[in-house]
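> just a sequence and a predicted model for now, questions to come.
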Amino acid sequence: MTNTRTALGLSLIVLTMITLVAFSVPLYDLFCRVTGYGGKTSTSEFLSSSILERDINLKFNADVNDSINWTFTAPENIKFKVGENKLVNYKATNQSDVETIGTATFNVLPEKVGPYFIKTQCFCFEKQALKPGETVEMPVVFYIDPSINEDPTMKDVEEITLSYTFFKYIE
C-alpha cells in the first residue's frame, strides 16, 4: 500500500511539473500584462510621428532555453532618437534534424522604461515553426514614446536593453 501511495504521489508531482512547464510562457505573459512586471512594453498599430533630440543607446540580447535546439542572435546595438521608428532583425536557426516550434518571451531593462517602449511589430509570444537547418529573420519595429521626456523618473535613462528568450512551444 505504501508503494502505491508513493508512486501516485510522485506521478502527481511529475504531472504538475509538466503542466507548469507547458503553461509557463502564457502564464508569464498574463502575469506581466496584469502587473506590469518584467519591463512589459506597450504595443501600438501606429508609428511615432514625433522625434526628439534625446539619444538612447539600445542593447539587444538573445537567449535560448535548453528546451530547444536553436541558435538565436541579436542585432547590433544601436543609438537612436526618442520617437524615432526603428526596425531590427533577430535571427534564429533550427539546429535539430526535425521541425521545431518555438515561442519567445521578452523584457526591457530598466523595467521602469517598459511603458514607454512601444512595439508596432514583434514576434514575441507567437509560435515560430522552423524546419531542420532553417534560418529566419524575425523583425521588431519599435520606438520610445516621446512622453518619456515628461516623466521626471526617466531623466536618468540613457541606455535600454531589449532581451528575448526562445523556448520550445508545448501544446
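Arrived safely, thanks for sending. Residues are numbered from 1 along each chain as shown.
> C-alpha only now, for contacts and for neighbours.
Fine.
> for the protein, just list every one of the helices.
Counting by DSSP state H, the chain has helices at residues 2-35.
> show me where pLDDT drops low in it?
In the predicted model of the chain, residues 20-49 satisfy pLDDT under 70.
> how close does the residue lying farthest from the centre of the chain get to residue 15?
Most distant from the centre of the chain: residue 1, at 47.4 Å, with distances by Cα atoms, centre = their mean. Distance of residue 1 to residue 15, computed by Cα to Cα, to the nearest Å: 21 Å.
> can you tell me how far the residue nearest the centre of the chain is from residue 17?
For the chain, the residue nearest the mean C-alpha position is residue 106 (1.7 Å; Cα atoms, centre = their mean). Noted for residue 106: a distance of 23 Å to residue 17, by Cα to Cα.
> what's near enough to touch the closest residue in space to residue 60 that isn't next to it in sequence?
Using Cα to Cα, 6 or more residues apart in numbering and skipping the chain neighbours, the partner closest in space to residue 60 is residue 162 (5.0 Å). By Cα atoms under 8 Å, 6 or more residues apart in numbering, the residues touching residue 162 are 58-61, 106-109.
> report the two of the residues you listed separated the most.
Farthest apart among the contacts of residue 162 by Cα to Cα are 58 and 106. That separation is 14.5 Å.
> correct me if wrong: residue 167 contacts residue 71.
No: Residue 167 is not in contact with residue 71 according to Cα atoms under 8 Å; the separation is 11.4 Å.
> which one's more surrounded, the two?
Comparing residue 167 with residue 71 by other Cα atoms under 10 Å, the one with more neighbours is residue 167, at 21 against 15.
> quick check: the more buried one vs residue 137, distance?
17 Å.
> kindly report the same for residue 123.
The gap separating residue 123 from residue 137 is 10 Å, by Cα to Cα.
> compare those two (neighbour count), which wins?
residue 123 (17 against 13).
> burial count for residue 62?
For residue 62, using other Cα under 10 Å, the count is 19.
> excluding its backbone neighbours, what's nearest residue 101?
The nearest residue in space to residue 101 (Cα to Cα, 6+ apart) is residue 129, at 4.2 Å.
> list the contacts for the closest residue to residue 72 other than its chain neighbours?
Nearest non-adjacent residue to residue 72, counting by Cα to Cα, 6+ apart: residue 92, 4.4 Å away. By Cα under 8 Å, 6+ apart, residue 92 lies in contact with 70-73, 135-138.
> show me which of those are buried.
Buried subset of those (neighbour count, 16 or more other Cα atoms under 10 Å): 70, 72-73, 135, 138.
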